[in-house]
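>>> Mind looking at a prediction? Sequence and model below.
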Amino acid sequence: MPRGTSTATNGARRRRTTRTRSDAGSVVGQITQIVAANETLKRENAELLALNERLRAQLAEIGTALGSLTGGSRRRGRARAAAQSFVVADIKPKRTRRPITDPAQIERRRAALAKARAARAEKLAAAREGAATGQ
């Protein structure tokens, strides 16, 4: 085998191996950076949540103090409403609906949906006809 061909083949193999290793190294480096950024964001998020909770507590205290100040005097009208507006409303969890398992109810809902779709289709067809004759 000639000398130049074997060297070119071996050189190409080495380059591919080196390129693959550097690609893998860059991917590992990117993953490391992403993980570090994620940890930083988690830490910042925890700090912000704690600060938010502290501010809510302070706002509730201010609302209570304002309510006791305005509630103690015999004023009427907007003063009491203004004091109550500072109190943070409790956030209600979203209601989770149970799935419908009654076959009769499922069929009634299906029929109602089909009826509503038919009515909408008729309305759209009438609107298209009106627009076509109006032009």
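Received it, and whenever you're ready, just let me know what you need.
>>> for this protein, which helix is longest?
Of all the elements of type helix in the chain, the one with the most residues (DSSP state H) is helix 3-72.
>>> tell me the mean pLDDT for stretch 101-119?
Over the span of stretch 101-119, the pLDDT mean works out to 96.
>>> which outside residues touch it?
If you take CB atoms under 8 Å, 6 or more residues apart in numbering as the criterion, stretch 101-119 is touched by I100. Placement of C-beta: from N, CA and C, glycine included.
>>> How is the protein divided into domains?
The chain breaks down into these domains under automatic domain parsing: 3-93, 97-135.
>>> which ones are touching I100?
Counting by CB under 8 Å, 6+ apart, I100 makes contact with 106, 109.
>>> quick revisit: looking at the domains of the chain, which has the lowest confidence?
Mean pLDDT across the domains of the chain is lowest at domain 3-93; the value there is a mean of 74.
>>> A116: neighbour count?
A116 sits with 10 neighbouring residues when counted by other CB atoms under 10 Å.
>>> With A57 instead?
Using other CB under 10 Å as the criterion, A57 is surrounded by 11 other residues.
>>> got it, and G67?
Counted by other CB under 10 Å, the residues lying close to G67 total 16.
>>> So it versus R56, what's the distance?
G67 is 16 Å from R56, where distance means CB to CB, to the nearest Å.
>>> same deal with L69?
Using CB to CB, L69 is found at 20 Å from R56.
>>> before we move on, back to that, counting contacts, what elements does the longest helix of the chain pack onto?
Secondary-structure packing of helix 3-72 (3 or more CB pairs under 8 Å, 6 or more residues apart in numbering; DSSP states H and E): helix 78-84.
>>> Show me what secondary structure element comes after the helix it packs on.
Remark: after helix 78-84, the chain's next helix or strand is helix 103-134, criterion DSSP states H and E.
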